[in-house]
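**Student:** Kindly return the folded structure for what I paste below:
(one chain, ligands or ions: 1)
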Amino acid sequence: MGLLEGKKGLILGVANDHSIAWGIAQALHREGADLGFTYVGEALERRVRPLATSLEAKLIEPCDVSSDAQIETLMQRVREVYGRIDMLVHAIAFANRDELSGSFLKTTREGFRTALEISAYSLIALVKAAGDMLVPGASVLTLTYHGSQQVTPNYNVMGVAKAALEASVRYLAVDLGPRGVRVNAISAGPIRTLAASGIGGFRSLYRQFADIAPLRRNVTIEDVGNAALWLCSDLSSAVTSEIVYVDAGFRTVGVGLGDAEG
Ligand code: 0WD
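**Tutor:** Numbering: from 1, shown residues only. Reported below is the predicted structural model:
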């Protein structure tokens, strides 16, 4: 019997089959989870619907997280179809492309608001709207990046948004803990996705990563999916408010190891 047999999950952030959320969905489905999916706009619906259908999804609904009304409608549908949520996976981020390259000083008031609203506040809004559907034992999971802790060239306002997201994980974990609901994040190494392609210099960051990371390789959506499986299952039943790194050890290295090998 699968680790997640009988459990209901909601996954936000599948854009295509390269998405981290898709790697997570496949891992959770493999262990028997019953998963619902969301998409933003018709273009993405065309990509998400066949993927979700291939995992026998009973719920495939639109949800732009900048809209409280859409979040509310989504949760009403989840109530009708599933009645409960054992796993809520938030794999959503957005910032204006021109603010993801060059100087951080270019950040505008509007760009800052957008990045923090879509990438960080949305987690709070979703948890709030899910309400008592998040049953005791449920797990909330979001995705972050180490640019929240240390400066990564071009990551800019998204680094600030991820810092806010990680702090939100801790505050939500304290609010939801007494109800037996856990809240964690995975901090993933760079992965080639649609969102990543919007970050200036991503290709060279991606290439250098494998030279520096202790495991001497990049991270895949399967790696993240398997870690997510642990965080969504009862195997991690006493783990909450954590930022779990799935980064082949990259964070631990101060200088490129190659620098010391000569
Ligand atoms: O290297 C990477 N790819 C890493 C990504 C390293 C570490 C963390 N992450 C994070 C991202 O910041 C994000 O939080 O993982 C999460 C998932 O991102 P992804 O898998 O890299 O990217 P992608 O496949 O593009 O999915 C992100 C999706 C959007 O796709 P696009 O590319 O269309 O923006 O987030 C969704 C959308 O599906 N999204 C929204 N969903 C609801 N409402 C919204 C919105 N307003 N905006 C974006």
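**Student:** Close to the ligand: what parts of the stretch 1-150 of the chain are there?
**Tutor:** 13, 15, 19-21, 40, 44, 63-66, 91-94, 118, 143-145 (Cβ under 6 Å from any ligand atom). Every residue, glycine included, has its C-beta placed from N, CA and C.
**Student:** Show the buried residues in these.
**Tutor:** 13, 15, 19-21, 40, 44, 63-65, 91-94, 118, 143-145 (16 or more other Cβ atoms under 10 Å).
**Student:** which residues touch the residue lying closest to Met1 once chain neighbours are set aside?
**Tutor:** Leaving aside its chain neighbours, Met1 sits nearest to Gly32 (7.1 Å; criterion: Cβ to Cβ, 6 or more residues apart in numbering). Neighbour list for Gly32: Met1, Gly2, Leu3, Leu4, Glu5, Gly6, Lys7 [criterion: Cβ atoms under 8 Å, 6 or more residues apart in numbering].
**Student:** same thing but at 7 Å, please
**Tutor:** Gly32 makes contact with Gly2, Leu4, Glu5 under the criterion Cβ atoms under 7 Å, 6 or more residues apart in numbering.
**Student:** Which element, helix or strand, includes the second one?
**Tutor:** If I follow you right, that is Leu4. Under DSSP states H and E, no helix or strand contains Leu4.
**Student:** So which of the buried ones among the residues of the stretch 1-150 of the chain next to the ligand sit within strands?
**Tutor:** The members of these that map onto strands under DSSP state E are Leu143, Thr144.
**Student:** Might you specify the subset of the buried ones among the residues of the stretch 1-150 of the chain next to the ligand located within helices?
**Tutor:** Ile20, Ala21, Leu44 (DSSP state H).
**Student:** Shouldn't the residue nearest to Met1 be within a strand?
**Tutor:** No: counting by DSSP: H, G, I helix; E, B strand; the rest coil, Gly32 is not found in a strand; it is coil.
**Student:** Please report how far it lies from the ligand.
**Tutor:** Per Cβ to the nearest ligand atom, to the nearest Å, Gly32 is found 23 Å from the ligand.
**Student:** next one: Met87
**Tutor:** In terms of Cβ to the nearest ligand atom, Met87 sits 16 Å off from the ligand.
**Student:** Output the contacting helices and strands for the top helix by length along the chain.
**Tutor:** Identified as the longest helix of the chain according to DSSP H is helix 156-176. When contacts are defined as 3 or more Cβ pairs under 7 Å, 6 or more residues apart in numbering; DSSP states H and E, helix 156-176 packs onto helix 109-116, helix 122-130, strand 134-144, strand 182-188.
**Student:** quick one, which of those is packed in tightest?
**Tutor:** Most buried of those, by mean neighbour count (mean count of other Cβ atoms under 10 Å): strand 182-188, with a mean of 25.
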